[in-house]
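In: coordinates only, no sequence provided:
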């Protein structure tokens, strides 16, 4: 199901795009207390330090003296990279992992699983099989079961959030409350 030949990440983040919480699986063998499954809140990650660092890095991007028009066109991708890098730094800090002196690398590999699309449509059996392949050798059976229970719960919440958002968007389109008129279907007259 997953390409496990590449090896497993030391830390795996399970992100649910519409939720304010996510799961971090810290499978490092040298972790104090051994591997752990941790539930984290986005509000702990996206605090004042995060915003200050993003603003600082964004300002550096905009205020470069050597920036040309072509580089200016690439600013959105650079901003995305800044947000991603600062998010990862904050998550690593939230996990209590200090990078080696003079490095931004937490000293291991970090993988990210976005629970959207196909991954969100996994059945319980498929999810258990996938987590067994990814983490079965690194997490105890009890911890693996705890992870599966948390993932199943968050997957249900994510699906509900998507459904609620889709219904609200459709109602907004039909009622005209979501902004400009949008054509849902149009006959070409042929």
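Out: Received, thanks. Nothing here was measured: the structure is a model prediction, and the numbers come from that model. Numbering: from 1, shown residues only.
In: tell me, how many neighbours does residue 113 end up with?
Out: By the criterion of other Cβ atoms under 10 Å, residue 113 has 20 neighbours. Heads up, the C-betas are built off the backbone N, CA and C, glycines and all.
In: so it, which of the three states?
Out: strand (DSSP: H, G, I helix; E, B strand; the rest coil).
In: what does residue 25 give?
Out: strand.
In: now do residue 40
Out: Strictly by three-state DSSP, residue 40 counts as strand.
In: and the one helix or strand residue 130 maps to, how far out from the chain's middle?
Out: Using DSSP states H and E, residue 130 sits within helix 124-135. Taking Cα atoms, centre = their mean, to the nearest Å, one finds helix 124-135 lying 19 Å from the centre of the chain it belongs to.
In: could you do stretch 31-43 as well?
Out: On Cα atoms, centre = their mean, the centre of stretch 31-43 falls 15 Å from the chain's centre.
In: got the buried residues for it?
Out: 31, 35, 36, 37, 40, 42 (16 or more other Cβ atoms under 10 Å).
In: stretch 129-145 too?
Out: By neighbour count with 16+ other Cβ under 10 Å, stretch 129-145 contains the buried residues 130, 131, 134, 135, 138, 139, 143, 144.
In: pick out the most distant pair among the residues you listed.
Out: 130 and 143 (15.6 Å; Cβ to Cβ).
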